[in-house]
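Q: return atomic coordinates for the entry below.
(one chain, ligands or ions: 1)
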Amino acid sequence: MTLHDFIRAMPKVELHVHLQGSTRPETLLKLAQRNNIPLPSDTVEGIREWYTFRDFPHFVEIYGIICRCIQSPDDIELLGREFLEGQAAQNIRYTELTYTPPRYLPFDEQLDALNRARAWGETALGVTMNYIVDIPRECEVEVGNLIADWAISGMGKGVIALGLGGPEVDNPPEKYPEAYAKIKAAGLISIPHAGETVGPESIRSALKFADAVRLGHGVRCLEDPALVEELRQRQIPLEVCPTSNVCLKVVDTLENHPLPRLLEAGLYVTLNSDDPPMFNTTLTEEYMRCADTFGFDTARIEQFVMDALRVTILPADRKAQLANAYQAEFADLRTRYL
Ligand SMILES: [Zn+2]
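A: Got it, this is the predicted structure:
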């Protein structure tokens, strides 16, 4: 068994992946046909080629078309099912999925659709998910407040956190004081993106203002040693998405990615795929690419998985149950690897 075989076979957890950004070409074709939305190609191959990451405006264009193809709860259920199929194929048993709710559908119908997909995934595939409902930071304050209300209404029905995604520049969490006050009062936690396209000040806002329990990306903390020290002491988990960072030019190449420096600094690092088909990756690929580029061995790879599992927002008993199962499987994989 090679290291790549080990990575393919191992049980995984994913903390940072977007539902809309996970739409595979075949799924997009189905949704577009269903809703009569024209696409630049009507073949899977053609869509795959069109998906190939070029630059940020092209990425935004694709994202926009995906969102236009989601018009009904049935579309959301299809997206959810196909997402879980992709996770199951990679042995990702549990995902904390970031979901940006469209405003034109009642949220309870959206959540019911996601939960139908989840129930199917649990029965048919043996995988499951919970949701981080996110505010796209470019949206108006009122919309942010609405999404916070929606997220709160979904507590106990799969929603585990409020996220904050979208363009980081000029859109700090301070833009949404009411939304953050609401979730705090309701006891819903916050997992914002920060420190991706904006530096340390964005991470400080995420920690201080948005009470982040984990950080989406967070890689730019390295620009500020005092912040690194705070993150290290508090062991705030970073949801690092290496290929996404290369595509969106947070770093120029994977070789120059700060992942090894984050680890050397004693920070809490997890590996994630963000918007995998759009960045021509998968979580499995992220593990392989990082292992190849940075020379990670099986022990380091296993630790990434177990570290991710440890900071999931799951009840302690469920987490312990998963950890036991994962440890047994890793022990078995180690014997086959040697
Ligand atoms: Zn993201």
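Q: quick one: secondary structure of residue 164?
A: Following DSSP: H, G, I helix; E, B strand; the rest coil, residue 164 is assigned to strand.
Q: same deal with the one 5 residues further on?
A: Per three-state DSSP, the secondary structure class of residue 169 is coil.
Q: please shift the residue numbers so they start at 40 in all later answers.
A: Yes, from this point I'll number from 40; that puts the last item at residue 208.
Q: report the buried residues of the lowest-mean-pLDDT helix or strand in the chain.
A: Sorting the helices and strands of the chain by mean pLDDT, DSSP states H and E puts helix 95-107 at the bottom, at a mean of 90. Going by neighbour count (16 or more other C-beta atoms under 10 Å), the buried part of helix 95-107 is 98, 101, 102, 104, 105. Backbone N, C-alpha and C define where each C-beta goes, glycine included.
Q: give me the distance from that helix to the chain's centre.
A: 17 Å (C-alpha atoms, centre = their mean, to the nearest Å).
Q: tell me what it is packed against?
A: helix 64-74 (3 or more C-beta pairs under 8 Å, 6 or more residues apart in numbering; DSSP states H and E).
Q: show me what the helix it packs on is packed against.
A: Counting by 3+ C-beta pairs under 8 Å, 6+ apart, helix 64-74 packs on helix 83-90, helix 95-107, helix 112-128.
Q: and these: which comes nearest residue 137?
A: In terms of C-beta to C-beta, the element of the helices and strands packed on helix 64-74 nearest to residue 137 is helix 112-128, at 11.2 Å.
Q: quick one: contacts of the closest one?
A: Residues outside helix 112-128 that contact it (C-beta atoms under 8 Å, 6 or more residues apart in numbering): 53, 58-59, 61-63, 65-66, 69-70, 73-74, 108-109, 134, 136, 144, 148-149, 151-153, 155-157, 159-160, 164-166, 168, 315, 321.
Q: need the contact list for the residue lying closest to residue 192 once chain neighbours are set aside.
A: Distances taken as C-beta to C-beta, 6 or more residues apart in numbering place residue 146 nearest to residue 192, at 6.4 Å, with adjacent residues excluded. Residue 146 sits next to 140, 189, 192, 193 when contact means C-beta under 8 Å, 6+ apart.
Q: show me where pLDDT drops low in the stretch 40-189 of the chain?
A: By pLDDT under 70, the stretch 40-189 of the chain has no low-scoring segment.
Q: can you show me the strands along this structure?
A: For the chain, the strands defined by DSSP state E cover 51-57, 131-138, 167-175, 198-204, 228-233, 254-256, 276-279, 307-310.
Q: what lines up beside the longest one in the sheet?
A: Sheet pairing for strand 167-175, assigned by DSSP bridges, gives strand 131-138 (parallel), strand 198-204 (parallel).
Q: and the angle from the last one to strand 228-233?
A: Think strand 198-204. 20 degrees (axes from the mean of the first three to the mean of the last three C-alpha atoms, to 10 degrees).
Q: can you give me the offset of strand 198-204 from its chain's centre?
A: With C-alpha atoms, centre = their mean, you get 11 Å for strand 198-204.
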